[in-house]
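Enquirer: Quick one: sequence plus predicted model below, questions after.
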Amino acid sequence: MANIAISGLNKTYGSFRAVDFIDLNVQEGEFVIVLGPSGCGKTTTLRMLAGFIEPDGGQVILGGRDITYEPPYRRNIGLVFQNYALFPHLTIFENVAFGLRRRGVNHSEITPRVKDALSLVDLSHLTDRLPRQLSGGQQQRVAIARAIAIRPDVLLLDEPLSNLDAKLRLQVRDELRSLQKRLGITTIMVTHDQDEAMSVGDRLVLMRSGRIEQIGSPDDLYNRPANRFVADFIGRTNFLRGRIEKDQAFHSEGGIVLTSASQPPGATEAMIRPEAIRVRSVPEQSGPNAISGTIHGHVFLGGLIELAIDMPGGERITGVISPRELEEAGVKLIPNAPVYISVAPKDVVLL
Ligand SMILES: Nc1ncnc2c1ncn2[C@@H]1O[C@H](COP(=O)(O)OP(=O)(O)OP(=O)(O)O)[C@@H](O)[C@H]1O
């Protein structure tokens, strides 16, 4: 186990800067997720950490040792990719043993270490099978066992769950999370799936165009996004354009007046998460941010209802509300019916 300190790391392909001088510190035992839209430089960053791509500049320090230009096999890093990359002609046992043999691990130690690694991912009973005789989820667990068998300082995972179907994906995700915590391996995982990122990451690193837009806990990125890009990328949200007026309130272009818990100077947008919207069938007696509108339409989302509400100035606000809350509020889902909404000032984030 070790911490990783990345500074000024950059990589250019031709004239295109894929990774643009990034700095990132990952603590020992931390689970960090790198996410962002397609092409933002996630894989290039991970491959530079693994040693498969040579950076143009910058530094990667692993446990105090500069590994920036070390070949992959000298880094003691465990890798798991999207496509498992198991050797098809080797048994599960031999697949996991491969990295140990290549590292010259003592012959007598190999069997117990392979067995340990396979038991951690619950596959001790399948050691003699070939990869094609396993399901996708099992193959990916072999890949994870193979990566941890070498007792890596760091585990790097590139979209490890994206080839699995939705249900299996959740299961392997939870297994991966608990295994990582149990072993305390410093882990960096790349994904473009924000639900996955939010549910397993201690910290998230959101990239765009080769740069880091924000580093923080899932709660930070969701509730305290650094900018519009972050707010828009993580979860669903309402944006209202406008500005802060002399009364210190935010006035939207459509005439909605909002009190926010913070007033960053020069803010031009208010962000409100759909679940922060409260609805009533009658106006609230008092309190900030009470607005009236009319129901535009609704969509059932499993156990919740997404409600689109038209505001008098032409803006539309989406709320996500439980059927029970709607019933208690006495709101009927009839188009054009009047509805009253309110938002706590702490849930109005000005950007
Ligand atoms: N060998 C290469 N030559 C030229 N351009 C490359 C090369 N590898 C990657 N790129 C470009 O660098 C950018 C970053 O690529 P990278 O694979 O790191 O993105 P990513 O964030 O992992 O994307 P995805 O989520 O689609 O996998 C992309 O625009 C890609 O087209």
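Expert: That came through, no problem.
Enquirer: Flag every residue of the chain that's near the ligand.
Expert: Within the chain, the residues that sit near the ligand (C-beta under 6 Å from any ligand atom) are 13, 18, 36, 38-44, 192. Bear in mind the C-beta positions are built from the backbone N, C-alpha and C, glycine included.
Enquirer: Does whichever helix in the chain runs longest pack against any helices or strands, and if so which?
Expert: Looking across the chain with DSSP state H, the single longest helix is helix 166-183. Helix 166-183 sits against strand 31-35, helix 107-120, helix 136-149, helix 194-200, with contacts defined as 3 or more C-beta pairs under 8 Å, 6 or more residues apart in numbering; DSSP states H and E.
Enquirer: Format the ones you listed as a markdown table; extra columns: distance to Arg241 and mean neighbour count.
Expert: Below are the helices and strands packed on helix 166-183 laid out as a markdown table (distance: least, C-beta to C-beta, whole Å; neighbours: other C-beta atoms under 10 Å):
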| stretch | distance to Arg241 | mean neighbour count |
| --- | --- | --- |
| strand 31-35 | 26 | 24 |
| helix 107-120 | 51 | 15 |
| helix 136-149 | 44 | 23 |
| helix 194-200 | 24 | 19 |
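Enquirer: Distance to Gly8 for those - can I get that in JSON lines?
Expert: Formatted as JSON lines, those follow (distance: least, C-beta to C-beta, whole Å):
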{"stretch": "strand 31-35", "distance to Gly8": "17"}
{"stretch": "helix 107-120", "distance to Gly8": "35"}
{"stretch": "helix 136-149", "distance to Gly8": "28"}
{"stretch": "helix 194-200", "distance to Gly8": "25"}
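Enquirer: Minimum distance to Leu49: which of the ones you listed has it?
Expert: strand 31-35 (9.9 Å; C-beta to C-beta).
Enquirer: any idea of the mean pLDDT in the helix or strand just after that closest one?
Expert: Counting by DSSP states H and E, the next helix or strand C-terminal to strand 31-35 is helix 42-50. Mean pLDDT, helix 42-50: 96.
Enquirer: May I have helix 42-50 as PDB, with CA atoms only?
Expert: Provided in PDB are the C-alpha atoms of helix 42-50 (Å, rounded to 0.1, in the frame of the first residue of the first chain):
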ATOM      1  CA  LYS A  42      -9.200   9.300 -18.100                       C
ATOM      2  CA  THR A  43      -7.600   6.300 -19.700                       C
ATOM      3  CA  THR A  44      -4.500   8.100 -20.800                       C
ATOM      4  CA  THR A  45      -4.000   9.300 -17.200                       C
ATOM      5  CA  LEU A  46      -4.500   5.700 -15.800                       C
ATOM      6  CA  ARG A  47      -2.100   4.300 -18.400                       C
ATOM      7  CA  MET A  48       0.500   6.800 -17.500                       C
ATOM      8  CA  LEU A  49       0.200   5.700 -13.900                       C
ATOM      9  CA  ALA A  50       0.500   2.100 -15.000                       C
END
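Enquirer: Mind giving me the packing neighbours of that helix?
Expert: strand 4-13, strand 16-26, strand 31-35, strand 77-80, strand 154-158, strand 186-191.
Enquirer: worst average pLDDT in those?
Expert: That would be strand 77-80, which, of all those, carries the lowest mean pLDDT at a mean of 92.
Enquirer: what's that one in contact with?
Expert: 49-51, 62, 140, 143-144, 146-148, 150, 152-158, 160, 185 (C-beta atoms under 8 Å, 6 or more residues apart in numbering).
Enquirer: Give me the contact list for the longest helix of the chain.
Expert: So helix 166-183 is contacted by 31, 120-122, 135-137, 140-141, 144, 148, 155, 157, 160-162, 164, 187, 196, 199-200 (C-beta under 8 Å, 6+ apart).
Enquirer: That one vs strand 31-35, what angle?
Expert: Put simply, helix 166-183 runs at 140 degrees to strand 31-35, going by axes from the mean of the first three to the mean of the last three C-alpha atoms, to 10 degrees.
Enquirer: picking that back up, of the residues of the chain next to the ligand, buried ones?
Expert: Taking 16 or more other C-beta atoms under 10 Å as the criterion, what is buried in the residues of the chain next to the ligand is 18, 36, 40-44, 192.
Enquirer: farthest-separated two in those residues?
Expert: Ala18 and His192, at 15.7 Å, using C-beta to C-beta across these.
Enquirer: Give me the residue at the spatial middle of this protein.
Expert: Centrality entry for the chain: nearest residue to the mean C-alpha point is Ala197, 2.2 Å, by C-alpha atoms, centre = their mean.
Enquirer: State the distance from that one to the ligand.
Expert: Noted for Ala197: a distance of 13 Å to the ligand, by C-beta to the nearest ligand atom, to the nearest Å.
Enquirer: And for Gly57?
Expert: Gly57 is 16 Å from the ligand, by C-beta to the nearest ligand atom.
Enquirer: Quick one: neighbours of Ala344, just the number.
Expert: For Ala344, the neighbour count with other C-beta atoms under 10 Å is 15.
Enquirer: Give me the phi and psi for it.
Expert: phi -70, psi 140 (degrees, to the nearest 10).
Enquirer: you'd agree it is up against Arg273?
Expert: No. Look at Ala344 against Arg273 with C-beta atoms under 8 Å: they stay out of range, at 11.0 Å.
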